[in-house]
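Participant: No sequence on hand, only this structure:
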C-alpha cells in the first residue's frame, strides 16, 4: 500500500509539469492565432478601402467623360449606391454615409490609394471619398468627412482649392476657427 502511494506522489509531480507545459504551448498557439487574426482584419479593411477607391475613381472618370465636362470637377462618391455627386451641387452638409474602414496608422502613406484618414474611429468616424478629375485626365482621391475642415483643405490639390464655393470656404474657415479655439484652450489649461 505504501509503495502505491509513493508511486502516485512521484507521478503527480511529473503530471503537474506536463499540465504546465501544455498550458504554455496552448498560450503560444493562441497568441499566434490572435496576431494572425488581427493582421487578417487589418488586411481586409485595407483591401475594402482600396477596392472602394478604385471603383470611385472609375465611376468619377466615367461621369466626367459622359457629362462632357471642361475643366476639373470634384465628385463625392456614394459608396452605397456606387454613384458620384458633383461637389458643386452639394450645399452645406454632405448627406453621404461614411464607409471607410482602415485607420490612420494603416493608411499613413496612402495605402488605400487615397490620402487622408478613412476611419477616424468612434461613432460616425468613417469617411467617404472625394475624387477630383482634372481636364488633363489626372485623378486625385482623398478621404473626407461630411464637413470640410482645414485638414481637408490641406489634402486638396491647388486646382481643387480653386473650385471651392463661398459656402465651402466659409465652412473651412469656421472649422479652422473652432480648431484654433480648441488649441488655445488646451495651451491655457496646460500652462495653469
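Facilitator: Here it is on my side, so go on. Everything numeric here is computed off the predicted structure, so don't read it as measured data.
Participant: what are the ranges of the helices in the protein?
Facilitator: 2-66, 150-155, 158-162, 166-191 (DSSP state H).
Participant: which one of those helices is the most hemmed in?
Facilitator: helix 150-155 (a mean of 16; mean count of other CB atoms under 10 Å). (C-beta placed from N, C-alpha, C; glycine too.)
Participant: Tabulate the helices of the chain (a markdown table), appending mean pLDDT.
Facilitator: What follows is the helices of the chain, written out as a markdown table (pLDDT from 0 to 100):
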| stretch | mean pLDDT |
| --- | --- |
| helix 2-66 | 86 |
| helix 150-155 | 86 |
| helix 158-162 | 87 |
| helix 166-191 | 66 |
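Participant: nearest to residue 121, of these?
Facilitator: When the helices of the chain are ranked by proximity to residue 121, the top entry is helix 2-66, at 12.1 Å, counting by CB to CB.
Participant: Output the helices of the chain as TSV; include the columns distance to residue 126.
Facilitator: Formatted as TSV, those follow (distance: least, CB to CB, whole Å):
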stretch	distance to residue 126
helix 2-66	10
helix 150-155	15
helix 158-162	22
helix 166-191	19
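Participant: which residues touch the residue nearest to residue 49 when sequence neighbours are not counted?
Facilitator: Here the nearest residue to residue 49 in space, its sequence neighbours aside, is residue 112; by CB to CB, 6 or more residues apart in numbering that works out to 3.9 Å. Counting by CB atoms under 8 Å, 6 or more residues apart in numbering, residue 112 touches 46, 49, 50, 52, 53, 100, 102, 118, 143.
Participant: is the last one in a bridge, and if so with what?
Facilitator: With DSSP bridges as the criterion, the beta-bridge partners of residue 143 are residue 129.
Participant: okay, it: pLDDT?
Facilitator: Among the per-residue scores, residue 143 shows a pLDDT of 93.
Participant: For residue 81, grab the count of nearby residues.
Facilitator: Applying the criterion other CB atoms under 10 Å, we find 9 residues in the vicinity of residue 81.
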